[in-house]
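**Q** please find the sequence and the predicted model below.
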Amino acid sequence: MRDRKLFVGAGIRRLRESRAMTQADLATQLRISTAYLSQMETNQRPVSAAVLYGLGQLFGAEAGQLVSEDPDRLAADLREALADPVFSRQEASHVDIRALALSAPWLAHRFLELHAAFRRALDAGPVPNPAIPFDAAPGETPRDVSAHPFDVVRDFFHYNDNYIDDLDLAAERLAARAFDGRGRDLAPFVDFLQTRHGVRVRDLQDDDPRIRIFDAKSRVLSLNPALEPTTRGFHLAAQIARLEHGGAIDAAANHATLRTPEARALAQAALTNYFAAALVMPYGLFAAEAKRTRHDLVRLGHRFGASFEQVCHRLSTLQRNGARGVPVYFVKLDRAGNIVKRHSATRFQFARFGGACPLWNVHEAFETPDRILVQQAEMPDGMRYLCLAKSVVKPPRFHGGPGQRYAIGLGCAISDAQHFVYSDRIDMRGRTGVARVGINCRLCARIDCAQRSAPPLSRRITLDPDARATLPYDIL
C-alpha cells in the first residue's frame, strides 16, 4: 500500500537543537541542501526515506520516535478535547489545530494530558476546596488526578502507530528461523521450549482459575487445560517471547512516557503480547496472506492458528515503514459500550470520553454472535468506512464460572474497501444503506438523528413547551 507522507519538522528541529547543530551543520551531515532541510523543519515538505535513514544514523533510537509523531492523529485528539464545554463555544479551526499538532507536538501532548487530568478530577466527584482544585486543603485527602496506567499504556501504543519495529522484526526473524510454516500446529512451540530452553509444558489442575503460570526454577510452564487452541498457542508464544527477547521487551517498556512502575509493568505485558502476536503471525507472511485472501478474517485465522480477535488486532499493527498494510481501525468493546482496546490508522475517530455512537454496527454484534456484520458508515466529516463487527465469546472454564463476551470492530476507508472480501456485499457507490455514524452524541453535530442521547456541545438548543418532535429540543 502507498505510504503516507511524514511531516515531522518539529521533531527534526528538536533533534538538531539537542546536539547544538545549525541547519547548515545537519544539512551537511545528511548531504542535502540547507533550504531543503529548512522546508522539512517547517513542514513545507515531507521527510524522505533517505533523510529518515540519515537521521537514524546520526541520532540512533531518538530518530525512531519521529515516525510515531502523527499530526493527523494528534489533531483528531485535540479536536475532541477542545469540544469540551469547559472551553469557549467558539470552535477552533481545523487549520489552527493541525498547525499546533505539526509545529509543537510536545505542547499538544501536554495540553491533552492536562485536559485528561481535569476530566479525571471531575469524574472523582466534587472538589473539596474549589480554590485548590488538584490538591488538598489542610486536613483533606489529596486527590490523585494522575493518568491511570492503562490509559498511559494505551496512548503509548496509540502514538507509536500500534507498531513496535524492533520487536516486530525480531519476532519475524525468530519465526522464519524456528517456526517457518507452523500454521495451526502447536507442537513446534512446545518442542522449541523444551529443546532450546529446557521448559516443559503441562496442564494446570482442572479447578485452578489461573490461565498460565511459569516456574523459572523448575522450568515448567503450566497452562489451563480448558484453553482453546488459538489461546493456548498465543500463551506458548508469549512465553517464548519472554525467554528469547525479555531484555528487549523490558527496554522498550522503559519509555519516557511510562513514568510509573505500574505503567511499565503493564507495558511489559502488552509488549510481550505484541511479540507473541508477531511470532504467531509474522509480518511479511501475514501481510501477504491478508492481501491474497482479500482480508478474509476466517481464512487468516485458519492459516495462522489465530482467533478472530488476534487476526483483527494484528491487522491494525501492519504499519511498517515501506510495507504498510491497508490502514484500518480496530476496537474491542464490552456489552456496556466501554472501549477495552482501540487503534485507528484511518481518520476514523474514537471518543476518548463517553460512549460510542449507537448506530455503529459494533453494538449490534452482541445480538448476532455467529455472524460478521458488514456496514457502510458515513462520519460527520463525509468520510465513509467499511465497518465489520463480530461478537466473540470466551466461555467459562468450568461449570458456573465467569465467561466473557466482547464485540470486535474492524474497518477501513471506503476507498480501500475493495481489498476486503466483505465489500462484495455492499453497494459502495450508492446512497442507500449508508449508516450516518458519529463519534458520539456530544461530538456529533447532526440535527436529525433519532438516536441522539444528548445535544451536541458545539450547538445551541431551544425548547418549545407547546410542541414536541422526536427529540425534546431543537438544535440550532
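**A** Sure thing, it's come through. Everything numeric in this text was worked out from a predicted model, so none of it was measured. Numbers count the residues shown, from 1 in each chain.
**Q** so where's the longest helix in the chain?
**A** helix 229-253 (DSSP state H).
**Q** toward the C-terminus, what is the element adjacent to the helix or strand of the chain with the lowest mean pLDDT?
**A** Here the helix or strand of the chain ranked lowest by mean pLDDT, DSSP states H and E is helix 61-64, holding a mean of 64. Using DSSP states H and E, the helix or strand that follows helix 61-64 towards the C-terminus is helix 71-82.
**Q** that next one - what's its average pLDDT?
**A** For helix 71-82, the mean per-residue pLDDT is 78.
**Q** cool, stretch 210-219 as well?
**A** Here the average pLDDT along stretch 210-219 is 95.
**Q** return stretch 381-394 as PDB; C-alpha atoms alone will do.
**A** Extracted in PDB, the C-alpha atoms of stretch 381-394 (Å, rounded to 0.1, in the frame of the first residue of the first chain):
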ATOM      1  CA  ASP A 381     -16.800  14.800   8.000                       C
ATOM      2  CA  GLY A 382     -18.200  13.000   5.000                       C
ATOM      3  CA  MET A 383     -15.700  10.100   5.100                       C
ATOM      4  CA  ARG A 384     -17.200   6.700   4.500                       C
ATOM      5  CA  TYR A 385     -16.000   3.400   6.000                       C
ATOM      6  CA  LEU A 386     -16.400  -0.300   5.600                       C
ATOM      7  CA  CYS A 387     -17.300  -1.400   9.100                       C
ATOM      8  CA  LEU A 388     -17.000  -5.100  10.200                       C
ATOM      9  CA  ALA A 389     -18.200  -6.300  13.600                       C
ATOM     10  CA  LYS A 390     -18.400  -9.600  15.300                       C
ATOM     11  CA  SER A 391     -19.200 -10.800  18.900                       C
ATOM     12  CA  VAL A 392     -16.500 -13.000  20.400                       C
ATOM     13  CA  VAL A 393     -17.300 -15.300  23.400                       C
ATOM     14  CA  LYS A 394     -14.800 -16.700  25.800                       C
END
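**Q** so for it, what gets flagged as buried?
**A** 384-392 (16 or more other CB atoms under 10 Å). For the C-beta atoms, the positions are set from N, CA and C on the backbone; glycine is no exception.
**Q** hang on, the earlier thing: and the longest helix of the chain, what does it pack against?
**A** helix 165-178, helix 187-197, strand 212-215, strand 220-223, helix 261-280 (3 or more CB pairs under 8 Å, 6 or more residues apart in numbering; DSSP states H and E).
**Q** got JSON lines for the buried residues of stretch 381-394, with distance to residue 455 too?
**A** Shown next, in JSON lines, are the buried residues of stretch 381-394 (distance: CB to CB, whole Å):
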{"residue": "384", "distance to residue 455": "25"}
{"residue": "385", "distance to residue 455": "25"}
{"residue": "386", "distance to residue 455": "30"}
{"residue": "387", "distance to residue 455": "25"}
{"residue": "388", "distance to residue 455": "31"}
{"residue": "389", "distance to residue 455": "27"}
{"residue": "390", "distance to residue 455": "32"}
{"residue": "391", "distance to residue 455": "31"}
{"residue": "392", "distance to residue 455": "34"}
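**Q** which one of the residues you listed is nearest residue 211?
**A** Of all the buried residues of stretch 381-394, residue 211 sits closest to residue 392, with 16.4 Å by CB to CB.
**Q** please name the residues that touch that closest one.
**A** For residue 392, the contacting residues are 307-309, 405-408, by CB atoms under 8 Å, 6 or more residues apart in numbering.
**Q** so where does it fall, helix or strand?
**A** strand 384-394.
**Q** who touches residue 369 in this structure?
**A** Contacts of residue 369 by CB under 8 Å, 6+ apart are 390-391, 393, 405.
**Q** thinking again about what came up before, can you list which of the contacts of residue 392 are found in helices?
**A** 308-309.
**Q** just the buried members of the contacts of residue 392?
**A** 307-309, 406-408.
**Q** which two in the residues you listed are spaced the farthest apart?
**A** Maximum pairwise distance in those, criterion CB to CB, is 14.1 Å, between 307 and 407.
**Q** distance of residue 73 from residue 9?
**A** Distance of residue 73 to residue 9, given as CB to CB, to the nearest Å: 17 Å.
**Q** these two - which one has more neighbours?
**A** residue 9 (24 against 20; other CB atoms under 10 Å).
**Q** is it true that the more buried one touches residue 42?
**A** Yes. Using CB atoms under 8 Å, residue 9 makes contact with residue 42 at a distance of 5.6 Å.
**Q** helix/strand/coil for residue 331?
**A** With DSSP: H, G, I helix; E, B strand; the rest coil as the basis, residue 331 sits in strand.
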